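# here are the coordinates; sequence isn't available:
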């Protein structure tokens with residue numbers, strides 16, 4: 001489901017400001033009701049917010065220059081309009097507010113209809129919070145996403161669109177090096193010059209970082225499982241020296257290894273392992289000559305693959 005960023009009137013009246021404080025609802029251009037507060041996400045989907053303009057975030061655009069203009073540029077990062085918009089973002093890491101890192105690079109006289117500013121965290125890194133702020137000629141429209149996102153870049157723009165690249169951490173990625181993505185969302189200004197629509201849903205991993213998938217734990221090596229045995233009760237019950245056969249059956253978060261020398265099946269046993277990320281990885285569960293896997297917690301579909 002595509003979503004919309006709606007801009008309210010350029011100059012908010014006293015009546016409207018009072019209504020916002022009272023939490024009154026208003027109609028978006030799509031006809032749905034949303035809370036008339038500073039930033040409102042559309043429920044049930046990963047969408048940009050509907051963001052109300054602050055009365056100080058707009059001004060009449062003189063000489064055909066956009067409200068963000070200054071010093072001959074379409075977007076002056078120090079302009080009053082940009083500064084007021086930054087003030088609506090709240091605080092980032094360490095309690096500091098956001099700052100204007102970069103923005104639309106065009107000169108007055110050739111200003112696009114949709115303008116952008118990338119807001120960053122002071123002394124931050126790529127993994128720190130970022131916001132993509134959007135403006136039309138009259139003022140501030142809102143942020144691309146309800147919440148700040150990491151690893152965010154504006155990678156292109158045209159007269160009426162801005163292309164934003166998102167990346168995210170997966171599994172055991174170091175914070176410097178996200179392997180998720182890149183996923184590029186194009187935000188396009190509507191014919192009314194007030195609404196912005198993405199061409200696709202924002203990546204779930206960006207909107208909800210906890211949803212990023214973990215890398216598969218299979219296959220697993222003998223070395224890893226031998227280390228998992230170290231110091232456990234199951235290790236003490238095995239004939240020494242412990243040696244695992246080359247073949248290790250692994251499916252889902254379960255693995256079955258066989259002990260005994262590679263050339264001798266005497267004292268051959270099955271050792272069942274379970275991968276539990278919260279406990280630090282692979283853990284031995286049980287051993288025996290013929291384990292009944294489903295009776296000790298292995299899902300039936302996994303047991304069919306590893307318990308033979």
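Sure thing, it's come through. Since the structure is predicted, the reported quantities are computational estimates derived from the model, not experimental observations.
# Now do stretch 126-140: distance from first to last residue.
24 Å (Cα to Cα, to the nearest Å).
# quick one: buried residues of that stretch?
127-140 (16 or more other Cβ atoms under 10 Å). All C-beta spots, glycine's among them, are computed from the backbone N, C-alpha and C.
# mind giving me a markdown table with those and columns for secondary structure?
Conversion of the buried residues of stretch 126-140 to a markdown table gives the following (DSSP: H, G, I helix; E, B strand; the rest coil):
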| residue | secondary structure |
| --- | --- |
| 127 | coil |
| 128 | coil |
| 129 | coil |
| 130 | strand |
| 131 | strand |
| 132 | strand |
| 133 | strand |
| 134 | strand |
| 135 | strand |
| 136 | coil |
| 137 | coil |
| 138 | coil |
| 139 | strand |
| 140 | strand |
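# mind giving me JSON lines with these and columns for distance to residue 89 and pLDDT?
Formatted as JSON lines, the buried residues of stretch 126-140 follow (distance: Cβ to Cβ, whole Å; pLDDT from 0 to 100):
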{"residue": "127", "distance to residue 89": "18", "pLDDT": "80"}
{"residue": "128", "distance to residue 89": "13", "pLDDT": "85"}
{"residue": "129", "distance to residue 89": "9", "pLDDT": "89"}
{"residue": "130", "distance to residue 89": "10", "pLDDT": "93"}
{"residue": "131", "distance to residue 89": "6", "pLDDT": "95"}
{"residue": "132", "distance to residue 89": "11", "pLDDT": "97"}
{"residue": "133", "distance to residue 89": "8", "pLDDT": "97"}
{"residue": "134", "distance to residue 89": "13", "pLDDT": "98"}
{"residue": "135", "distance to residue 89": "14", "pLDDT": "97"}
{"residue": "136", "distance to residue 89": "18", "pLDDT": "97"}
{"residue": "137", "distance to residue 89": "21", "pLDDT": "94"}
{"residue": "138", "distance to residue 89": "20", "pLDDT": "94"}
{"residue": "139", "distance to residue 89": "15", "pLDDT": "96"}
{"residue": "140", "distance to residue 89": "11", "pLDDT": "96"}
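# count of neighbours near the nearest residue to residue 112 once chain neighbours are set aside?
Nearest residue to residue 112, sequence neighbours excluded (Cβ to Cβ, 6 or more residues apart in numbering): residue 159, at 4.5 Å. Neighbour count for residue 159, taken as other Cβ atoms under 10 Å: 11.
# Assumed residue 159 was part of a strand.
No. Secondary structure assignment (three-state DSSP) places residue 159 in coil, not in a strand.
# Pipe the buried residues of stretch 126-140 into TSV and attach distance to residue 149 per row.
Shown next, in TSV, are the buried residues of stretch 126-140 (distance: Cβ to Cβ, whole Å):
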residue	distance to residue 149
127	10
128	10
129	7
130	6
131	8
132	8
133	13
134	14
135	19
136	22
137	26
138	26
139	23
140	19
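# Check which helices and strands the longest strand along the chain sits against.
The longest strand of the chain (DSSP state E) is strand 180-189. Identification of packing neighbours for strand 180-189 by 3 or more Cβ pairs under 8 Å, 6 or more residues apart in numbering; DSSP states H and E yields strand 161-168, strand 195-198, helix 204-207.
# can you list these in JSON lines and add mean pLDDT and distance to residue 275?
Shown next, in JSON lines, are the helices and strands packed on strand 180-189 (pLDDT from 0 to 100; distance: least, Cβ to Cβ, whole Å):
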{"stretch": "strand 161-168", "mean pLDDT": "96", "distance to residue 275": "22"}
{"stretch": "strand 195-198", "mean pLDDT": "95", "distance to residue 275": "37"}
{"stretch": "helix 204-207", "mean pLDDT": "86", "distance to residue 275": "21"}
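# tell me the most buried of these?
strand 161-168 (a mean of 22; mean count of other Cβ atoms under 10 Å).
# Walk me through which strands the longest strand of the chain pairs with, and which way each runs.
Looking at strand 180-189 with DSSP bridges, its partner strands are strand 161-168 (antiparallel), strand 195-198 (antiparallel).
# want to throw these into TSV with distance to residue 177?
As requested, these are arranged in TSV below (distance: least, Cβ to Cβ, whole Å):
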stretch	distance to residue 177
strand 161-168	10
strand 195-198	26
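# related to what we said a few turns ago, possible to save the helices and strands packed on strand 180-189 as JSON lines with distance to residue 220?
Output for those, formatted as JSON lines (distance: least, Cβ to Cβ, whole Å):
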{"stretch": "strand 161-168", "distance to residue 220": "25"}
{"stretch": "strand 195-198", "distance to residue 220": "40"}
{"stretch": "helix 204-207", "distance to residue 220": "25"}
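# Fine by me, we can end here.
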